[in-house]
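A.B. asks: Model the structure of this input:
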Amino acid sequence: MADFCKQFNEATKGHTKDVPIPVTLSAFANRTFSFTCKTPPASWFLKKCAGVAAGAKRPGHETVGTVHVKQIFEIARAKQQDEHLAALPTEAVARSIIGSCVSMGINVVSDKQ
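C.D. replies: Next comes the predicted model:
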């Protein structure tokens, strides 16, 4: 356990305080381990960009905030650092994040309205 804490602290020393860091930890029978740090969840990025504490209680019926398309693409580029999303095009990741916006009650706006 102490080894994990030391290695985790070393791996995350450059991260900003209060930013959630999902970790995938694999522990093996021979008392060794491996872990992977990922980027924060898309919902965390969206709440931060929209300036809200939580998503809508009734998505589709109420709106809690607004994000710009440019912010969506910035989030998508950040999320592509995760291994499972690296091979996907940025546009596909952005569409998925827009789906998260809909389920959270956050409007997506663009300059052309």
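A.B. asks: can you tell me which residue is nearest the centre of this protein?
C.D. replies: Pro41 (2.4 Å; C-alpha atoms, centre = their mean).
A.B. asks: Pretty sure Val108 sits in a strand.
C.D. replies: Yes - according to DSSP: H, G, I helix; E, B strand; the rest coil, Val108 belongs to a strand.
A.B. asks: got a pLDDT number for it?
C.D. replies: Confidence at Val108, expressed as pLDDT, is 94.
A.B. asks: For it, list the residues it contacts.
C.D. replies: 66-69, 72, 98, 101 (C-beta atoms under 8 Å, 6 or more residues apart in numbering). C-beta coordinates here come from the backbone N, C-alpha and C atoms, glycine included.
A.B. asks: Just grab the bridge partners of it for me.
C.D. replies: Val67 (DSSP bridges).
A.B. asks: What separation is there between it and Pro59?
C.D. replies: Between Val108 and Pro59 the computed distance is 13 Å (C-beta to C-beta, to the nearest Å).
A.B. asks: Which residue ranges of the protein form helices?
C.D. replies: Here the chain has its helices, by DSSP state H, at 2-11, 42-50, 69-79, 90-104.
A.B. asks: Just send those helices back as JSON lines, with distance to Ser34, mean neighbour count and mean pLDDT too.
C.D. replies: JSON lines is the format used below for these (distance: least, C-beta to C-beta, whole Å; neighbours: other C-beta atoms under 10 Å; pLDDT from 0 to 100):
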{"stretch": "helix 2-11", "distance to Ser34": "10", "mean neighbour count": "11", "mean pLDDT": "88"}
{"stretch": "helix 42-50", "distance to Ser34": "24", "mean neighbour count": "19", "mean pLDDT": "94"}
{"stretch": "helix 69-79", "distance to Ser34": "22", "mean neighbour count": "18", "mean pLDDT": "95"}
{"stretch": "helix 90-104", "distance to Ser34": "25", "mean neighbour count": "16", "mean pLDDT": "95"}
